[in-house]
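Student: prediction below, plus the sequence it came from.
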Amino acid sequence: MPAQPAPIFALAERSYGAAPRRERHAHLQVVLPLAGALDMTVGGAVGRVAGERFAVVAAGTDHAFHAAGANRFLIAD
């Protein structure tokens, strides 16, 4: 059987805690809200992912985040 090509992106459902976290990825990331809210700082811009608001984090961009209460997000890496 021929080798399968690597996926273009990966999807994961994640929840976040109240402790602030900071990350940087070598790939683009899209954060889509399913429930609750996620406070984010992306490249110096501050905002909240919730309801109809999502976030796009460009490859190599520092981002920090935390959430209060129950939450779920669909993450595309």
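Tutor: All right, it came through fine. Everything quoted here is computed from the prediction, not taken from an experiment.
Student: identify the residues contacting the nearest residue to residue 36 once chain neighbours are set aside.
Tutor: Distances taken as Cβ to Cβ, 6 or more residues apart in numbering place residue 71 nearest to residue 36, at 2.8 Å, with adjacent residues excluded. Every residue, glycine included, has its C-beta placed from N, CA and C. With contacts defined as Cβ atoms under 8 Å, 6 or more residues apart in numbering, residue 71 is in contact with 15-16, 33, 35-38.
Student: could you redo the last one with a cut-off of 7 Å?
Tutor: Residue 71 makes contacts with 15-16, 35-38, as judged by Cβ atoms under 7 Å, 6 or more residues apart in numbering.
Student: report pLDDT for it.
Tutor: Looking at residue 71, its pLDDT reads 98.
Student: what's the longest strand in the chain?
Tutor: The strand spanning the most residues in the chain, taking DSSP state E as the definition, is strand 29-35.
Student: chain center to the helix or strand just after that strand: distance?
Tutor: Following strand 29-35 in sequence order, the next helix or strand is strand 38-42 (DSSP states H and E). Per Cα atoms, centre = their mean, to the nearest Å, the displacement of strand 38-42 from the mean C-alpha position of its chain is 9 Å.
Student: separation between the spatially most central residue of the chain and residue 5?
Tutor: What sits nearest the mean C-alpha location of the chain, by Cα atoms, centre = their mean, is residue 31, with 3.7 Å. Look at residue 31 and residue 5: by Cβ to Cβ, to the nearest Å, they are 25 Å apart.
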